[in-house]
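Novice: Return a 3D structure for these sequence lines:
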Amino acid sequence: MVMKANLLATKLHRPSLPAQWVERPYLTQRLAEGLGLNRQLTLVSAPAGFGKTTCICEWLNTLDDWPVTWLSLDAADDDPGRFFTYLVAALQKIEPNLGQTIASILHSGQLPPGDVVSATLINDILAVNGRFLLVLDDFHVIRDSLILQVVEDIVTNFPPSLHLVLITREDPPLPLARLRANNRLTEIRARDLRFTDPDVDRFFNEVMDIALSQADTVALKEKTEGWIVGLQLAAIAMQSRLARPEHRDVTTFVQEFTGSHLYVAEYLLEEVLKQQPEEVQTFLRHTAILDRLSAGLCDAVTNRQDGRAMLTTLHRANLFVMPLDAEGQWYRYHHLFADLLRARLPQRLSKEKVNELHLRAALWYEQNGFISDAIKHGLVAQAEEKVAALVEQEARAMMFSGQANTLRSWLTALPEATFQTHPRLNIYRLWIDLMQEKLDLSAQALRQKEAMLHTLPPTPENEQLRVELTAVLCRFVAFSGDTTRAIRLADEALASLPKSETALRARAHSALAVAHWIEGNRENARQAYDQCMTLAQASDNYTLAAHATMMLAMSQTDYGQLHQAARTYQSIIEMGEQAKQKLFFPAGQGYIGLAGIHQEWNELETAASYLEQGMDLCRRGGLAGLSAGYALRARLRQAQGDLLAAAAELDSLGQTGVDPTGMARRILLSIAMGDLDEAARRARPWLGVLNAEPASGSPPLLIAEIIKVTLARLFFAQGDLAHARHLLNEVAATAVPDQRYGRLIEVYLLQALIHQAQNEGKMTTAAIEAFRQALELAQPEGYVLLFLEAGTAVIPLLQAVIKQRETPAPLKAYAQQLLDACHEHGQSGSPSPPGAAAELVENLTPREMEVLQLVAAGDSNQAIADKLVITVRTVKKHITNILGKLSVDNRTQAAARARELGLITSD
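Specialist: Below is the predicted model of the structure:
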C-alpha cells in the first residue's frame, strides 16, 4: 500500500446500512438542521458501539443534492504521507484535480510544515464549484501533530464549499468551544445516540422479530443504557435461546446480566459465541487478528477453504460482519466485536499459534501486493527476516511517496541485529535523515555516513542505492565546508548516475556549485550551476533550480555585484509563478537575499519587510535559510542601535545551526558591545584553525577569508594593529586576482582605519589611498551600511576624499552621500549623544558608555568589573579605549570631557 495504484478502494467506500437497522428520523433531522444553518463541522463523538457510522450513513442517504466523499481511517493512517495520500484520493472523487498540489509534494518525498499543507488544501478547496461533504470515519486513530494541525487549520479557516464530518470515539483536539459559540458546529454525542424506549421496542419487535413485553423492553434499555451494540448482542443471544425449547423465557434472560458496557459486552459475547458451532467459533478466533476480511485471506489464515461461505453465513446471521464494498469482496468485523475477540485470544490460543496466524496473514498480503499489511503482521509474528526483506523491497518507493514516517516506524520496530544482516536498511535510515534534514552536519558525522555507503554488498541494486544516496549526501558535505570531499562524492555520483536521473544529477551539480563557490573557483562554480539549472528545468524541479540560483546570487554578492544579485534573488521569487505554486518555499531564500542587499544599501525598512517574508516562508517550508535570516536580522537590529535585540536574534541563530557568517556576526556583536573577552572566547576555535599545521588541512578559501577578516576586526579592537594588517593583506592577496570586490571593499576600509589608528587618528596618505580604493569599488553598487558600521572614524576619511581636487565628481558625490548618512546614523543609531558624534575620534560603544558612567561616579576598576560582571583586564581595556576616543590622558579628564560633550549628566 505504497503507491497510489495500491490504495485500498474500500477505505474510500461509504459503508452500507446494516440490514437490521432502526430508522431514527430525529437524528437525521438534527443533522439536516445543522447543514441548513450553514454550520461547517459535524462531530459525532461517542464510545464504541453507539452506532455513529450508521447514524451518518442514514443521514447521507437523505441528501440527494450533496456530493459526498468518505474516508475510513485506521491506525496505519496516522502518518502524514499516507493520510494525505488517502485524503487527496477522497477529495478527487469530488473533483479530479482537487489536491493535486499536495499530491505532487507527496511524490517529492518530503512534506512541508502543517500550515503550508493547510493553506494549499484550503486554496484548492476554495476553487471547487458548489458544496460537498467530506466524512472522516474513526478519526480518533489520528495522533500525529502535523495531521491534527492541518485539520485544525481547516476548521479554523473553513472553505465555504466544504462541510466536514468527523466520526470519532473521543473529542479531537480542535477549537470546539469556539466553533460551538459561533454556531458553526453540530454535535451528536452518546446521549443522543442511545436507543430510546420506542427505538428498543422497534428493534426487537419489528427488526429482530423478537416479542418483548413493555417491561422487558424498558428493563433491557436500562441495563444496556440504550447502548446499541449491547442490544444487538442481546438480540442475537436471545434468538439462539429462543431456538431451543428449554430456553424460551426471554424475561429470565433479560434479568441474567447487568453491569458496565464492557462487562455486558463480554457477557453477551460469551452468550453469542457459545451458541455458535465450533467451526464458526474457531473461524472467528483465527480471523480476529485481521482488520479486513476477504475469502482468500481468511482461507490462508485459517488454513481452510470455506472463507467465502463463512463470511456469507456470518453476514446473514448478523454476527457483526460489515461489507466494505458493493461487490461483497471485502468485509470487516464491527470494531468493538473485533476488540472483544482479540482480547480473548490469549486465553484461547497460545502465543505461538497467534504468531503463526499473523505469519500466514503476512504471507498472503505479500503474495497479493499489500506490502504494508504484510509488514504489520510480520512484525507482530516476530518474523524479522521476512519484514526486513519486505522493507528493503518497498523502502525506496516509500521515500518518494511521502511515507518516510511509516518507514521510520518499521525500521525502529526491527531489532538492531537485523541491520547487520541487512545493511541496506541502515542506508534507508540515513536517507530518511537526509530527506527530513535531521542530519548531524559535523565533519565526523558526515564521514561516518559516507563510510556507511560502502558497507553494502556489491550488487547492482546496492550500487544504484549507494550512488543515489551519494548524490544527496554530497550537498550536505559541501555546506559543511569539506569541499574537497564534496567534489569527490559529486563526481563519483555523476560518473555512475544514468542520464535519465535528472533530479539526482542536478543535486550532484548543485553540490559542485556550492563547493567550487566556497573554494573561490568562480568558473567551475558557474559551469556546475549551469548544469544544475539545465537538469532542474528538464525535470521541472523548480526547488532545485531555486537552490542553484541562490548560490549564483550569493556569488554575485561576494563579487560586489549587488544590483545583479538583487535581480537574481528576484528571479528565485518569480520561480513560484513559473511553478504555479501559490506557496513556493524556496522563494523565502530569495526574500532573505534581497533583504541583505537592501540592508547594504541602508534601506532598512525595505530590508526588514523582505526579511520577515523570507523567514516566514523558510520556517513554514522547513528549508535552510533561517540561519542567514537571523544573522541578517541581528545586523539590522545593530544598525538600528539596539544591540540587545541583535544579541537576542543571534540567540535564535543558535537554535538553527551556526554557519561561518553567523559565527562572525556573533564575534562582531561582542566587539560592538565592548566585550572583547567574549569576542576572543568565541574566536578561539578560529585562532586554532589559523595556527594549525598545513598538513591538518585548512578551510576553503571563502570560509578562510571570513575567518581572517573577522579576526582582523578583533585584533584591531584589541589594539593589535600589526596582526590585523597581516590578515587583511592575506585576504587581499587572494581576492584581488579573482576580483572579489565585495570582500575587497571591506578589506580596504579596514586597512584605512588601521593606517589612521597607527597615526593616532591623523590623516595619512596611506589611509586616504586605501579608503579611496574602497570607495571606488563600492560606489557603482551603492554600498552604505558597511561604511556606517565603521563608526565616526570614517568621517574624517570621507571629508579628506571630498576635499581632494583630483577626486572625480561621481566619487565625491558618493562620499558626500555617505557623509550625510554617517551624520544621520550618528543621530539615530549611534550609542553616543547627537552633539558628541562629530567631536569624537570614534563613537563609544554601549559597554564603554557603561564603564564611563561608573568612572565618572568614582568607581574603582574592581568595582566596575564586579558591577558589569567582566574582568579587571577588560575594564582597563575599555578605559584605554575611552581615553583615546575622548582625547584625554586620565580618568578625571575623561569624566570632565564626557560631561562637556553631554555623554553623561553632571552631578
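Novice: Run the chain-centre distance for stretch 602-620.
Specialist: 20 Å (C-alpha atoms, centre = their mean, to the nearest Å).
Novice: do stretch 329-343 as well
Specialist: 37 Å.
Novice: And for stretch 863-874?
Specialist: With C-alpha atoms, centre = their mean, you get 44 Å for stretch 863-874.
Novice: residues of that stretch that come out buried?
Specialist: The neighbour-count check on stretch 863-874 (16 or more other C-beta atoms under 10 Å) flags 864-865, 868, 870, 874 as buried. The C-beta positions use only the backbone N, C-alpha and C, and glycine is treated the same way.
Novice: Kindly report the same for stretch 409-423.
Specialist: 410-411, 413-414, 418-419, 422-423.
Novice: For it, measure first residue to last.
Specialist: 17 Å (C-alpha to C-alpha, to the nearest Å).
Novice: now do stretch 164-176
Specialist: End-to-end for stretch 164-176, by C-alpha to C-alpha: 13 Å.
Novice: That one: which residues count as buried?
Specialist: 164-169, 172, 174, 176.
Novice: quick check: mean pLDDT across it?
Specialist: Mean pLDDT, stretch 164-176: 92.
Novice: chain center to it: distance?
Specialist: With C-alpha atoms, centre = their mean, you get 25 Å for stretch 164-176.
Novice: ditto for stretch 587-606
Specialist: The answer for stretch 587-606 is 24 Å, by C-alpha atoms, centre = their mean.
Novice: Next, work out how far apart residue 676 and residue 718 are.
Specialist: 6 Å (C-beta to C-beta, to the nearest Å).
Novice: For the two, indicate the residue with more neighbours.
Specialist: Each of residue 676 and residue 718 has its neighbours counted (other C-beta atoms under 10 Å); residue 676 has more, 23 against 16.
Novice: Contacts only, for the more buried one.
Specialist: 670, 714, 717-718, 874, 877 (C-beta atoms under 8 Å, 6 or more residues apart in numbering).
Novice: next one: residue 770
Specialist: 748-749, 751-752, 755.
Novice: Between the residues you listed, which sits nearest residue 610?
Specialist: Distance to residue 610, by C-beta to C-beta, is smallest for residue 749 among the contacts of residue 770, at 25.2 Å.
Novice: looking at it, the closest one is touching residue 786, isn't it?
Specialist: Yes: Residue 749 lies in contact with residue 786 (C-beta atoms under 8 Å); the separation is 6.7 Å.
Novice: Backbone dihedrals for residue 17, please?
Specialist: Main-chain torsions, residue 17, degrees, to the nearest 10: phi -70, psi 140.
Novice: what residues are up against the spatially closest residue to it that is not a sequence neighbour?
Specialist: Leaving out its chain neighbours, the residue that sits closest to residue 17 by C-beta to C-beta, 6 or more residues apart in numbering is residue 57, at 5.4 Å. Contact partners of residue 57, counting by C-beta under 8 Å, 6+ apart, are 14-17.
Novice: Give me the next element, helix or strand, following whatever helix or strand residue 57 lives in.
Specialist: Taking DSSP states H and E as the criterion, residue 57 maps to helix 52-60. With elements assigned by DSSP H and E, the helix or strand that comes after helix 52-60 is strand 68-72.
Novice: how far is the next helix or strand after that following strand from where the chain is centred?
Specialist: In the C-terminal direction, the helix or strand that comes right after strand 68-72 (DSSP H and E) is helix 80-91. Its chain's C-alpha centre and that of helix 80-91 lie 18 Å apart, by C-alpha atoms, centre = their mean.
Novice: again with stretch 154-173
Specialist: Distance, centroid of stretch 154-173 to centroid of chain: 23 Å (C-alpha atoms, centre = their mean).
Novice: For it, what is the spacing between the initial and final residues?
Specialist: End-to-end distance (C-alpha to C-alpha), stretch 154-173: 13 Å.
Novice: How about stretch 322-336?
Specialist: Note: stretch 322-336 ends 12 Å apart using C-alpha to C-alpha.
Novice: buried stuff in it?
Specialist: Buried, per 16+ other C-beta under 10 Å, within stretch 322-336: 322-325, 329-336.
Novice: In those residues, find the pair that's most separated.
Specialist: 329 and 336 (23.6 Å).
Novice: follow-up on the earlier one: looking at the buried residues of stretch 863-874, which are in helices?
Specialist: 864-865, 868, 874 (DSSP state H).
Novice: and the residues you listed, which two are the farthest apart?
Specialist: 864 and 874 (9.5 Å).
Novice: hmm, back to that, in TSV, list the contacts of residue 676 along with pLDDT.
Specialist: What follows is these, written out as TSV (pLDDT from 0 to 100):
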residue	pLDDT
670	89
714	94
717	90
718	90
874	77
877	80
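Novice: could you dump the residues you listed to CSV with secondary structure and distance to residue 145?
Specialist: Below are the contacts of residue 676 laid out as CSV (DSSP: H, G, I helix; E, B strand; the rest coil; distance: C-beta to C-beta, whole Å):
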residue, secondary structure, distance to residue 145
670, helix, 38
714, helix, 44
717, helix, 46
718, helix, 49
874, helix, 46
877, helix, 50
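Novice: Mind picking the one among those residues that's closest to residue 559?
Specialist: residue 714 (25.6 Å).
Novice: Isn't that closest one up against residue 681?
Specialist: No: between residue 714 and residue 681 there is no contact under C-beta under 8 Å: 10.8 Å.
Novice: ok so, going back, which one of the ones in helices among the buried residues of stretch 863-874 sits closest to residue 250?
Specialist: Of these, the one sitting nearest to residue 250 (C-beta to C-beta) turns out to be residue 868, at 90.1 Å.
Novice: Perfect, that will be all.
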